[in-house]
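Novice: 3D model of this:
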Amino acid sequence: MKVLLTKTVDTLGEAGEVVNVSPGYARNYLYPNNLAVVCTPGAMKMASTYRAKAKEKKDLVSAEAREIAAKLEGTVIKLQATADGAGQLYGGIGEREITQALEEKGFKFDKKQIILDSHIKQIGEFEVQVKVFGDLHGKVTVKVSPQE
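Specialist: This next block holds a predicted model:
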């Protein structure tokens, strides 16, 4: 089923694009969330308007996102966790703990924006990527020390 995206969907495409999706996805997700409309000749006339609005919003948000990414670059997060004598953590430090630490520093991110290959399971210093907007990522340093 062909639909015209009215807003940008990360996994699907940009606003103003015509994409092919399953009828259930369109009916149960895209239409109720006002992310797409049925691809009709009248809707196709609106495609350029959707593209222009999306570009304007993307330009505005990406300028703000670059500022946030620049602020993230020098950020150091210090976390403490219980560990054994060899430096292995008994638990792991994941996206939730990093998100909470970033909130304490004044940043507002969702845990889905924290990019970890696997949870941090030992004491040390780690570079963690944070998805700020689109393909723009920032890096924070996470220092894990043993709990006293």
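Novice: domain map for the chain?
Specialist: Structural domains assigned to the chain are 2-65, 74-146, following automatic domain parsing.
Novice: tabulate the ones you listed in TSV, adding columns for mean neighbour count and mean pLDDT.
Specialist: (C-beta placed from N, C-alpha, C; glycine too.) What follows is the domains of the chain, written out as TSV (neighbours: other C-beta atoms under 10 Å; pLDDT from 0 to 100):
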stretch	mean neighbour count	mean pLDDT
domain 2-65	14	87
domain 74-146	15	90
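Novice: taking the centroid of the protein, which residue is nearest it?
Specialist: Nearest to the mean C-alpha position of the chain, counting by C-alpha atoms, centre = their mean, stands Q113 at 3.7 Å.
Novice: residues touching Q147, list them.
Specialist: Counting by C-beta atoms under 8 Å, 6 or more residues apart in numbering, Q147 makes contact with Q80, A81, T82, A83.
Novice: what of V37?
Specialist: Under the criterion of C-beta under 8 Å, 6+ apart, the contact list for V37 reads V3, L4, T6, Y31, A43.
Novice: and those residues, which is closest to V21?
Specialist: V3 (5.9 Å; C-beta to C-beta).
Novice: next one: the closest one from L30, what distance?
Specialist: For V3, the distance to L30 (C-beta to C-beta, to the nearest Å) stands at 6 Å.
Novice: wait, is P32 part of a helix?
Specialist: No. Checked against DSSP: H, G, I helix; E, B strand; the rest coil, P32 lies outside a helix; its state is coil.
Novice: got phi/psi on it?
Specialist: Summarising the backbone geometry of P32 under the convention degrees, to the nearest 10, its torsions are phi -60, psi -30.
Novice: which residues are common contacts for V3 and L30?
Specialist: Going by C-beta under 8 Å, 6+ apart, residues that sit against V3 and also against L30 are V21, A36.
Novice: tell me the contacts of the residue of the chain most remote from its centre?
Specialist: Among residues of the chain, the one most distant from the C-alpha centroid is G85; the distance is 35.9 Å, by C-alpha atoms, centre = their mean. Applying C-beta under 8 Å, 6+ apart, one finds that G85 lies in contact with no residue.
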